[in-house]
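*Asks:* here's a sequence, model it:
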Amino acid sequence: MQEVKNVRRTRYVAAALIVCLLGLLAVSGIQLVRDNTNSFLRSNANHAAASWSEFIAASTPDFNDILQGAEPKPSTLRNLRNAASASKVYAFKVFDTAGRLVLEVDRRAVPVSGSPFPRKNTPAGVNAGQIGRPSLELTWVSAPIVLNRQNVGHINLLLDQSGLRAAFVSAFTNAGAVSLALITLTLVTALLVHLQQSREARARLKEIQERDVLTNLPSRSAFFQAIDNALDNQNSGKHVMAIMIADLDRFMEINETFGTEVGDYVLCSIAMRLEAIAGRNSIVARLGGDNFGILLPELESKEDAATIGRDILSALNDPVSHGNNNIKLKSTLGVSMAPADGTDRPALTRRADLARFAAKEDGGNQLRFYDASTEAHYEGQRKTERTVQRACDSQSFRLHYQPLYSLRTGRLKSFEALIRLPDGKGGMISPAEFIPAAERTRKINEIGQWALHEACAAAATWPEELTIAVNLSPIQFNTGDLLDHVRSALNASGLAAKRLELEVTEGLMLEDSEEIRDQLAQLQELGIKIVLDDFGSGYSSLNYLWRFPFDKIKIDQSFIRGMAHNAQAKGILKTIVNLGRTMNLQITAEGVETLEQARFLRQIDCDLVQGYLFGRPLPVTDVAGLVLSDFRARISPSAVIDDKPRITTKQALAG
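*Replies:* Residues are numbered from 1 along each chain as shown. Okay, here's the model as predicted:
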């Protein structure tokens, strides 16, 4: 509707411009005709006066006598009247050089109004006047009379130029009308051509907007319009409608590995597969990037949508062959149903997207239907993100410090700085909630920089043999200024670089980029220790241990918890410790909560332990007391983990 209004508005404006232009041309033409007509008539009148001056001097035998005051002969008057009638001269008067009227011929029926006749010698020119009859246009004009090369007087003529004016105006008017018609035709033709080109351009633009150039599938806007139309035409109670949003997991890696040309080929292949599976009554669209939308407007039940969804997932996961490459694919599919999940297009597409996001968070490569808990989950995420933003603004984050002990000496060796966020009700928000929220909003860069400065400043007040470990998010490596922030924290606190340990997770290793290896190497050159945190929790690969410059390995606490009911967990722990010995890497076990766990770790010669058995995270104000207790107690390993300990863990820590 808006487009139609714009087209009409354009036409009205163009028509108004043409009318204004034609009006200007008409006014200019009228003025041009008037000016040229008057100029022509003046020239004609002057020429007629000069001709009559010569005629009278040459054809009047008694002209000299008349100039001397004699009466003109009757034949002279007759001849002059006939000549005046033939020349459309209504009257003329002859004056001598003294300005005396010596001859007059007047054929007018009524007196002439206008300026009086000059009685003295006047230059040639026009003195306008008109008689009473509106059909005539009479003009007085004057010219000198020359006889034998001497000026003997002058003549005033009253000429009738009405016919000449009418002929001249008619000629100019006809020429102007033809010119105006040609100009109008040209302008109208140009306008029609412009309107046609505009219609064609709009049609091409609409086609581009409604079709994806690469896959020739409907575009996002066309897909949304199709959903709106399907909702308007949906038969209540007879059918259900499914909206599916699919994407390829880690499609960017295909572009990076094989190139964008191969990536485009994969997208086109996926488009054809989707159209083949979805069926006739469906609409398949490319929503952008590697995202596709599928509209199934007439299904009998949700089970039908599940069946088609599984077929789509299976088809999308089939490899794509291109040249010598056999490209393996994995995909994720989110589905919302109408009317169960909503009756308007924005809600349905948003909920299909939420289902897809939830499926990707669970590892991807699966089909997921929307349910209310999904939206509640993401609403909780948005709430946490807002909380993180407020905490950054109000500087509400806190650092707590958890101790790490040596199993060989029983001595306190280090602290790990852990970020805490008060919930405002006396408790704490779980880091598992606010750290991902900070990473999603990129606030982790600001929070991480603050944590570095706070931890280094605190550690600078401790005994020199104690180190501090600070966790880094993979996102902090993407800014390019991590090294500067670390240097700034060390310089501001005065902490020696060898006392700082930076912990990174295996997620950072997935990028496997030269830039990350360079940043880790530069940090090590400062004297900082690099720790691989949560080893074994996700994407563990032995390749990481020799491709990346690590100084320590921290075993994920899931292995520690698994010792009690899984014998294989103990074997894996022993293997990891032996691997560390072989590669000259220090090994830390986190999440140690029982004496049995601690005893086993000591038996396999694990270096450091961390967990609630040895100490919970403490606010910075309580760290000094723990450090003092460590010096007083000089705890031995047997005091903690012997079969018959002399003192309990709590007593040992209390000194």
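*Asks:* flag every buried residue along the helix or strand containing residue 252.
*Replies:* Per DSSP states H and E: residue 252 is located in helix 251-258. Within helix 251-258, the residues that count as buried by 16 or more other C-beta atoms under 10 Å are 251, 254, 258. Heads up, the C-betas are built off the backbone N, CA and C, glycines and all.
*Asks:* residue 266 is in contact with the second one, correct?
*Replies:* It stands for residue 254. Yes: with contact defined as C-beta atoms under 8 Å, residue 254 counts as touching residue 266 (6.1 Å).
*Asks:* the stretch 351-500 of the chain: strands as residue ranges?
*Replies:* For the stretch 351-500 of the chain, the strands defined by DSSP state E, counting those that start in this stretch cover 367-369, 398-406, 412-422, 428-429, 467-471, 500-504.
*Asks:* out of those strands, flag the one nearest residue 591.
*Replies:* In terms of C-beta to C-beta, the element of the strands of the stretch 351-500 of the chain nearest to residue 591 is strand 398-406, at 10.7 Å.
*Asks:* save the buried residues of helix 251-258 as a markdown table, and put in distance to residue 574 and pLDDT too.
*Replies:* Formatted as a markdown table, the buried residues of helix 251-258 follow (distance: C-beta to C-beta, whole Å; pLDDT from 0 to 100):
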| residue | distance to residue 574 | pLDDT |
| --- | --- | --- |
| 251 | 40 | 88 |
| 254 | 40 | 88 |
| 258 | 41 | 88 |
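*Asks:* what's the distance between residue 528 and residue 481?
*Replies:* Computed with C-beta to C-beta, to the nearest Å, the distance linking residue 528 and residue 481 is 16 Å.
*Asks:* can you pull the pLDDT of residue 14?
*Replies:* On pLDDT, residue 14 comes in at 64.
*Asks:* now swap in the one 10 residues further on and tell me
*Replies:* As predicted, residue 24 sits at a pLDDT of 72.
*Asks:* equivalent analysis for the one 3 residues further on, please.
*Replies:* pLDDT for residue 27: 64.
*Asks:* tell me if I'm right that residue 397 and residue 418 touch.
*Replies:* No: shown here, residue 397 and residue 418 do not form a contact pair, counting by C-beta under 8 Å, at 10.8 Å.
*Asks:* mind listing the strands for the stretch 1-150 of the chain?
*Replies:* Using DSSP E, counting those that start in this stretch, the strands of the stretch 1-150 of the chain run over residues 89-96, 101-106, 125-128, 138-147, 150-160.
*Asks:* returning to what we had before: quickly list what's touching both of residue 254 and residue 266.
*Replies:* Shared contacts of residue 254 and residue 266 (C-beta atoms under 8 Å, 6 or more residues apart in numbering): 248, 327.
*Asks:* and the helix or strand just after the helix holding residue 252, C-alpha only, in PDB?
*Replies:* Per DSSP H and E, the first helix or strand lying C-terminal to helix 251-258 is helix 260-278. Provided in PDB are the C-alpha atoms of helix 260-278 (Å, rounded to 0.1, in the frame of the first residue of the first chain):
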ATOM      1  CA  THR A 260      33.700 -19.400  -0.100                       C
ATOM      2  CA  GLU A 261      33.000 -20.900  -3.600                       C
ATOM      3  CA  VAL A 262      32.700 -24.400  -2.100                       C
ATOM      4  CA  GLY A 263      30.700 -22.900   0.800                       C
ATOM      5  CA  ASP A 264      28.300 -21.400  -1.800                       C
ATOM      6  CA  TYR A 265      28.000 -24.800  -3.500                       C
ATOM      7  CA  VAL A 266      27.200 -26.400  -0.200                       C
ATOM      8  CA  LEU A 267      24.400 -23.900   0.400                       C
ATOM      9  CA  CYS A 268      22.900 -24.400  -3.000                       C
ATOM     10  CA  SER A 269      23.000 -28.200  -2.400                       C
ATOM     11  CA  ILE A 270      21.300 -27.800   0.900                       C
ATOM     12  CA  ALA A 271      18.600 -25.600  -0.700                       C
ATOM     13  CA  MET A 272      17.800 -28.300  -3.300                       C
ATOM     14  CA  ARG A 273      17.600 -31.000  -0.600                       C
ATOM     15  CA  LEU A 274      15.300 -28.900   1.500                       C
ATOM     16  CA  GLU A 275      12.900 -28.300  -1.300                       C
ATOM     17  CA  ALA A 276      12.900 -31.900  -2.300                       C
ATOM     18  CA  ILE A 277      12.000 -33.100   1.200                       C
ATOM     19  CA  ALA A 278       9.600 -30.300   2.400                       C
END
